[in-house]
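Colleague: turn this into a model:
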Amino acid sequence: MNKSQKYFDPETLARIRPLSLRARTLVEGLIAGLHRSPLRGQSIEFSQHREYVPGDDVRQVDWKVYARSDKYYLRQYEDETNFTCNIMLDQSESMLYRGHPQALSKLEYGQLVACSLAYLIISQQDRAGLLTFSNDIDDWLRPSSSPNQFDDMVRLMEAGAGKERTQLSHVIEHTIRQLNTRGLLVIISDLFDDVEELLAALKLLRFAGQDALLLQVLDPHELTFPFDQMSRFEGLEGLAPVVTDPLLIGGAYRKAVAAFCKQLEVGCQQLDLDYFLLRTDESLAASLPRVLSSRLVRRG
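Modeller: Numbering: from 1, shown residues only. Next up, the predicted model:
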């Protein structure tokens, strides 16, 4: 592991408390490990020029201006100069799950992903907001490009997780009604909700002119179901505990989870939305560049 990657390793981050220190450690690694964020809108309506900085897309350089001034300037467009991103973080009870005690929970991993994206957006002087939710919107820090916004977002995440069931489709519909500008919604959640209802809500989001990036955060145990002894599985979000032999249900469980994730992926593709599955044992040095570069290629 090289010097920058250590900041992204889940086991390393799991040993760091509190979230504010984890976020700062991760941000330090981000400076060395990632380029400017492709999380911005696109428009054909020209707005203004701004000076080139290292990491910018050279395809946006205005070479006619360079010929006249011998300086590099980028063309900016209306959506780019007013880019707004609301990061939606699921803090319902199911997000507290962790397969190993020494690992990050889904919520902790999602918090670090949210911190990473917020830092990249604010550093390019765009507006980032944070919406935490469970069965409804819990808190909403409205978008801002203020230098204090990142610290405010971290403090909101540190306020604690909810104990309610996830009702993401309801939350999305509620959010749409309160948005007065077009932008990007980054949804960080295990997405444990009725798929048809969720996709219907995302369809409404698209009709409202909004873009969305769905990041499904799952623990590897939720995908592989590695249990091999009679076990009592504690229910989350109001579900009753279940005592069963994992060897009898393991195959059907893994098949059902794979089908669930595939249905989400295909549904998002049909709506022209970005979907990524993130595992909590995956280094953020791998997961974050994968998300950002894939979006850049698809949107570019």
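
Colleague: list the buried ones in stretch 136-145?
Modeller: By neighbour count, with 16 or more other CB atoms under 10 Å as the criterion, the buried positions of stretch 136-145 are D138, W140, L141, P143, S144. The C-beta positions use only the backbone N, C-alpha and C, and glycine is treated the same way.

Colleague: an error on my part: the question was meant for stretch 277-294.
Modeller: For stretch 277-294, by 16+ other CB under 10 Å, it's L277, L278, R279, T280, E282, S283, L284, A285, S287, L288, V291, L292.

Colleague: out of those residues, who's nearest L271?
Modeller: L277 (16.9 Å; CB to CB).

Colleague: after the helix or strand of the chain with the lowest mean pLDDT comes which helix or strand?
Modeller: Every helix and strand in the chain was compared by mean pLDDT, DSSP states H and E; the lowest is helix 78-81, with a mean of 47. Beyond helix 78-81 in the direction of the C-terminus, DSSP states H and E gives the next helix or strand as strand 84-90.

Colleague: contact partners of that next one?
Modeller: Residues outside strand 84-90 that contact it (CB atoms under 8 Å, 6 or more residues apart in numbering): 39, 107, 110-111, 114, 117-118, 121, 126-134, 143, 153, 157, 166, 168, 171, 175, 179, 181-190.

Colleague: which of the buried residues of stretch 136-145 fall within strands?
Modeller: Members of the buried residues of stretch 136-145 lying in strands (criterion: DSSP state E): D138, W140, L141, P143, S144.

Colleague: could I get those as TSV with pLDDT?
Modeller: Compiled in TSV, those are given as follows (pLDDT from 0 to 100):
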residue	pLDDT
D138	92
W140	95
L141	96
P143	94
S144	92
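
Colleague: biggest separation within the residues you listed, which pair?
Modeller: D138 and S144 (18.8 Å).

Colleague: per-residue confidence averaged over stretch 110-124?
Modeller: Average pLDDT, stretch 110-124: 88.

Colleague: of the contacts of strand 84-90, select the buried ones using a PyMOL command.
Modeller: To isolate the buried ones among those in PyMOL, judged by 16+ other CB under 10 Å, type:
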select buried, resi 39+107+110+111+114+117+118+121+126+127+128+129+130+131+132+133+134+143+153+157+166+168+171+175+183+184+185+186+187+188+189+190
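
Colleague: where's the spatially most central residue of the chain relative to P147, distance?
Modeller: Centroid-nearest residue in the chain, with CA atoms, centre = their mean: I188, separated by 4.3 Å. Distance from I188 to P147, counting by CB to CB, to the nearest Å: 23 Å.

Colleague: next one: E197
Modeller: From E197 over to P147 (counting by CB to CB), the distance is 39 Å.

Colleague: between the two, which has more neighbouring residues?
Modeller: Neighbours were counted for E197 and for P147 using other CB atoms under 10 Å; E197 has more, 15 against 10.

Colleague: host element of that one?
Modeller: Assigned by DSSP H and E, E197 falls in helix 195-207.

Colleague: returning to what we had before: got a markdown table for the buried residues of stretch 136-145, with distance to D219 too?
Modeller: Shown next, in a markdown table, are these (distance: CB to CB, whole Å):
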| residue | distance to D219 |
| --- | --- |
| D138 | 22 |
| W140 | 27 |
| L141 | 27 |
| P143 | 30 |
| S144 | 32 |
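
Colleague: quick check, nearest of those to L223?
Modeller: Nearest member of the buried residues of stretch 136-145 to L223, counting by CB to CB, is D138, at 27.1 Å.

Colleague: hey, what's the residue nearest to that closest one when sequence neighbours are not counted bridged with?
Modeller: Nearest non-adjacent residue to D138, counting by CB to CB, 6 or more residues apart in numbering: T132, 4.6 Å away. Taking DSSP bridges, one obtains L89, D139 as the residues bridged to T132.

Colleague: picking up where we left off before, residue contacts, the residue nearest to the centre of the chain?
Modeller: I188 neighbours (CB under 8 Å, 6+ apart): I87, M88, L89, D90, G110, V113, A114, L215, V217.
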